[in-house]
Every structure is written in structure tokens, then in C-alpha cells.
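Undergrad: fold the following for me, if possible:
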Amino acid sequence: VILAEMRKRDSVSYRTFKQSLAFELPGYRLNRRWPIGLESVIRATDRNLLKSYYDRWYRPDNMALVVVGDMDVDLVERLIRQRFSRLRARSASPVSYSGVEWTPHSGDRAFYHHEAEAAATDVSIQVITYRDFKPQTVAMLENQVLQRMAAAMVQDRINRLITRGKSAFSEGSAYVGSYLRHIEAAGISATCEPGKWEQTLSQLEHILRQALVHGFGERELDRVRIQTLSALEQAVSLSDSRKSQVVAGRLIRSIENRDLLLSAQQRLEILKPFVASLTPEKVHSAFVSAWDRGHRLISVTGNLNLKTQTPESRILSSYHAASGQPVSAFRVEKAAAFPYLDKPQKPGTVSGRSDIGKDLGIEIVQFANRVRLNLKQTDFKPNEFSMRISFGRGLAAVPPSRPGLGSALETVINESGFGQIDSDQLSEALAGRKVRFSFQTGENAFI
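TA: Okay, the predicted model is just below:
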């Protein structure tokens, strides 16, 4: 079974990930000890080896228990003490943890990995540094939010470039954060056609340096500020309707990462005044700090076939050529107002109501224009309602000769915005409003 899983994992993305990690974290232990293991060990293992491994690592002092749900807390605590207090470690060997180390980076380094079966070419610029694994403080939480807001502003610029049709790439992202406890990273990446990799690299470098040199504008900050505060407030309003498994997962992640154990209300109370007080200068300073690591890691992977003996030199040459070009401050376009339904519309004519569905608490209203409205009140999610409009024939209308048309239709419509406002303008106009929407192609209807 394990060998079959090993063969199944041998994919384009997995091979690229392993090679990329070896470049990003040279000398890192994980590059020699992938969780799937070594085929030679898997074939030769026996019960004793498996049991000794289990006894060494699956032990009470390496365990966390989380219980979430509708329960008698005193009873559950008593049962836990009865059952779990009897657990004893089966191995006398202490669990040792020597930390995570790799060779630190300096200067500019390039990485190239070719996969002929890949669907596209991926280009990225990153910085990666070591961090101590410490319990989170309020100051650390605030800095995390600050840097993510800066990355969100860069993401807005990337989205705008794509929406305006001025990018050499089809999708891109800006990110900052930590993973595997000791790794801190910031990056900007994009996916493109292989023939556009140099233009994509140049645009990514331009976007990054534009933010590092000139910072951000007040309107950009206001947009992300509204979105951040709205997300915090929405988490509070929906906190009582979360599923137990979601709460349990959040608690476990907090324990694993040594994060503060905070309710949605506590996070709002801590972060709301902090986010409200931010200035473009402070966000810019945090962004510069995240990238001020003394190195740049430039990666080009995927279906690009650089037919040269020194592809890394070619990549570095393209990067340095881009970094030598002047860069001006980002110009924020005039904000777009939401152009629809500025005042109530004349209601439709009701032609009838149906008794069907009353036993299920559903009210059915028929309009004269043959639109049918189904209404049902629930208490599943307080302070939230869902509206679903079904029309047309959906996938049933797609000609057999064009099987991919339904998927293409979803992507095009979801990324196109509305008739009088594009997707980026729409996102800005609705910033802070608790609204989510999407278009789907169903089996028998468009939704």
C-alpha cells in the first residue's frame, strides 16, 4: 500500500516541490527525510522496527487532546482523567528535538526545474529566513496582520494588472508568513506561458520594487483595512454557528503553532484599534522589513525548456536586467461606485402562491413573468442569508463537441465582473460588505 502511494505521489507538482525545497532550504533535514520514507526501508521493515518507532514518538508527553461540542464539561473532564491518566510512555528514550537548521542565503540565487508534462511555467521571487519557534504574543499577532495587509495591497495591484489585460501572466499572488515552525518567507509569484517567462519575471520584479521603494497609498490601505475589519467582525457574528470540528481544528492549530488561544471576539477587541490606527508609512515599513533579508531567490519551474547549459545564469541575467530599470510610484485609479440598484425597484406582479412545501416550511411564490420564488427561514447561520438563482439549462446546453465549455464559462464569468464594472472595481466597491457571490454551471441549470 505504501509503495503504491509512493508511485501515485510521483507527479509533476510533487517532483517540483521537492526540488524547490532543496533549493530554498539547502541542508535542511526534511530534504533527506520525506514522510513517505525510503523504498529500501519500506521493503525491509518488520514489526519490531515499526513498534519501536511508534513507541518512541506516539507517547503521552507528545500528545494534545481537544474536545469540542455540546457536553457536560465536568463529566467529560472526569472521564478524560480516568482514561488518559493511565497512559505511560513505552519507551525510555526521551524525545529529542534538535531544532531546524539549513544553510542561510545571501545575495541573488536562481533555480530552474523543467517538467515537460507541466501545464504552464511558474515564476517566483522569494526571501526565506530562519525564525525562533516562540509562543505568540500580541505584538507578534499584530505584526503578522500588518504584514499580511501589506501583501494584500500588493495582491490588489497584481489583480488589477491582470484585470486590465496588461500582465504577461494569467494569475499571480503575493504572500508572507511562516511554515514548519522555523521558516519565515515572503514572496511574489505568477503562472504564465513558457514564452512569456522573462516578461513575467520583469513585471514581478517591477511590482515588488515599486512597493519597496514607493510604498502604498491611503486609498489602498483603506480598502484592505475595511476588508480586514469586516472579516474580523464577520467571524464574531458567525462564531456561534461554527461546527465543532472547525473549532477543534482551530484549537489544535493554535496549540501546534504556539499561537494565542483567542475567541473571535477577543481577536476583534485586540486587532480593531490596531488596524484602525495604521498608516501607509507603517505598512510600508513592515513590508520592507519582511523583504530586507539580504538575498533574493528567483525560481522558474514548469514546462519552460531553457536549452542552455547554464539556465540559472540566464535567469539571473534577466532578473538583474529588470532590476536595473527605473520604477515609478503606483498610481491608484479613481474609485468606482457600485452602479446598480441605487434605489428600490418596482416589485414584480405575483400571480399565485402554492401550498406545496408548507409541511417543510417552504413558501412558494409565482410571479407573472414565470419566475418562481422559494422561501425558507432557518436558524442555521445567524445574521446570514443565501440567495440562489437557477436559470437556463446549464451543462445540458453544452454541445457534445465542446465538453470544456461549461468550466470555461464559470471561470470567465467569475473573473469578469459585471457589465458596468470589472472584477477589481467590484471588489473595491464591495470592500467591507459581507457579500460573497459566484457563478456555477450545474448539470441542468446555471446558478
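Undergrad: every contact and neighbour count from this point should use C-alpha atoms.
TA: Fine.
Undergrad: so what touches the lowest-mean-pLDDT helix or strand in the chain?
TA: Across the helices and strands of the chain, mean pLDDT, DSSP states H and E gives its lowest value to helix 423-429, namely a mean of 83. Contacts to helix 423-429, defined as Cα atoms under 8 Å, 6 or more residues apart in numbering, come from residues 156, 159-160, 163, 223, 335-338, 415-418.
Undergrad: run the chain-centre distance for it.
TA: Taking Cα atoms, centre = their mean, to the nearest Å, one finds helix 423-429 lying 20 Å from the centre of the chain it belongs to.
Undergrad: send the alpha carbons of it over as CSV?
TA: Taking C-alpha atoms only, helix 423-429 is exported to CSV below (Å, rounded to 0.1, in the frame of the first residue of the first chain):
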residue,chain,number,x,y,z
SER,A,423,-13.9,42.4,-11.1
ASP,A,424,-11.2,44.6,-9.5
GLN,A,425,-13.6,47.7,-9.3
LEU,A,426,-16.3,45.4,-8.0
SER,A,427,-14.0,44.1,-5.2
GLU,A,428,-13.2,47.7,-4.2
ALA,A,429,-16.8,48.9,-4.3
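Undergrad: buried residues of that helix, list them for me.
TA: By neighbour count with 16 or more other Cα atoms under 10 Å, helix 423-429 contains the buried residues 423-429.
Undergrad: quick revisit: the contacts of helix 423-429, buried ones only, as a ChimeraX selection?
TA: Of these, the buried ones go into a single ChimeraX selection, burial set by 16+ other Cα under 10 Å:
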select :156,159,160,163,223,417
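Undergrad: okay, the contacts of helix 423-429 in CSV with secondary structure next?
TA: Below are these laid out as CSV (DSSP: H, G, I helix; E, B strand; the rest coil):
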residue, secondary structure
156, helix
159, helix
160, helix
163, helix
223, helix
335, coil
336, coil
337, coil
338, coil
415, coil
416, coil
417, coil
418, strand
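Undergrad: with distance to residue 131 and pLDDT as extra columns, can I get the contacts of helix 423-429 in JSON lines?
TA: Formatted as JSON lines, the contacts of helix 423-429 follow (distance: Cα to Cα, whole Å; pLDDT from 0 to 100):
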{"residue": "156", "distance to residue 131": "28", "pLDDT": "94"}
{"residue": "159", "distance to residue 131": "30", "pLDDT": "92"}
{"residue": "160", "distance to residue 131": "33", "pLDDT": "90"}
{"residue": "163", "distance to residue 131": "36", "pLDDT": "87"}
{"residue": "223", "distance to residue 131": "31", "pLDDT": "91"}
{"residue": "335", "distance to residue 131": "40", "pLDDT": "74"}
{"residue": "336", "distance to residue 131": "42", "pLDDT": "75"}
{"residue": "337", "distance to residue 131": "43", "pLDDT": "79"}
{"residue": "338", "distance to residue 131": "44", "pLDDT": "80"}
{"residue": "415", "distance to residue 131": "37", "pLDDT": "85"}
{"residue": "416", "distance to residue 131": "41", "pLDDT": "85"}
{"residue": "417", "distance to residue 131": "41", "pLDDT": "84"}
{"residue": "418", "distance to residue 131": "44", "pLDDT": "85"}
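Undergrad: do you know how far residue 435 is from residue 234?
TA: 11 Å (Cα to Cα, to the nearest Å).
Undergrad: between these two, which one's more packed in?
TA: residue 234 (18 against 9; other Cα atoms under 10 Å).
Undergrad: my guess is the more buried one contacts residue 433. True?
TA: No - look at residue 234 against residue 433 with Cα atoms under 8 Å: they stay out of range, at 9.8 Å.
Undergrad: how far away from the center of its chain is stretch 53-61?
TA: Once both centres are worked out by Cα atoms, centre = their mean, stretch 53-61 turns out to sit 33 Å from its chain's centre.
Undergrad: buried stuff in that stretch?
TA: Buried residues in stretch 53-61 (16+ other Cα under 10 Å): 56-57.
Undergrad: just the C-alphas of it, formatted as CSV.
TA: Output of stretch 53-61 as CSV, limited to C-alpha atoms (Å, rounded to 0.1, in the frame of the first residue of the first chain):
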residue,chain,number,x,y,z
TYR,A,53,9.2,3.9,16.0
TYR,A,54,5.6,4.1,17.3
ASP,A,55,6.7,3.8,21.0
ARG,A,56,9.3,6.5,20.6
TRP,A,57,7.0,9.1,19.1
TYR,A,58,3.4,8.2,20.0
ARG,A,59,3.6,8.9,23.7
PRO,A,60,1.7,10.9,26.3
ASP,A,61,4.3,13.7,26.6
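Undergrad: what ranges do the strands span in this structure?
TA: 107-114, 121-130, 169-179, 183-192, 295-302, 350-354, 362-367, 372-376 (DSSP state E).
Undergrad: give me the phi and psi for the residue lying closest to residue 6 once chain neighbours are set aside.
TA: Spatial nearest neighbour of residue 6, chain neighbours left out: residue 36 (6.8 Å); criterion: Cα to Cα, 6 or more residues apart in numbering. Backbone torsions of residue 36, given as degrees, to the nearest 10, read phi -70, psi -20.
Undergrad: with the contacts of helix 423-429 in mind, which one is nearest to residue 61?
TA: residue 156 (44.9 Å; Cα to Cα).
Undergrad: how about that closest one, what does it touch?
TA: residue 424.
Undergrad: ok, back up a step: could the strands of the chain be laid out in TSV, adding mean pLDDT?
TA: Compiled in TSV, the strands of the chain are given as follows (pLDDT from 0 to 100):
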stretch	mean pLDDT
strand 107-114	97
strand 121-130	97
strand 169-179	94
strand 183-192	97
strand 295-302	98
strand 350-354	89
strand 362-367	92
strand 372-376	92
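Undergrad: what's the closest of those to residue 13?
TA: Using Cα to Cα as the measure, strand 295-302 is the one of the strands of the chain that comes nearest residue 13, at 8.9 Å.
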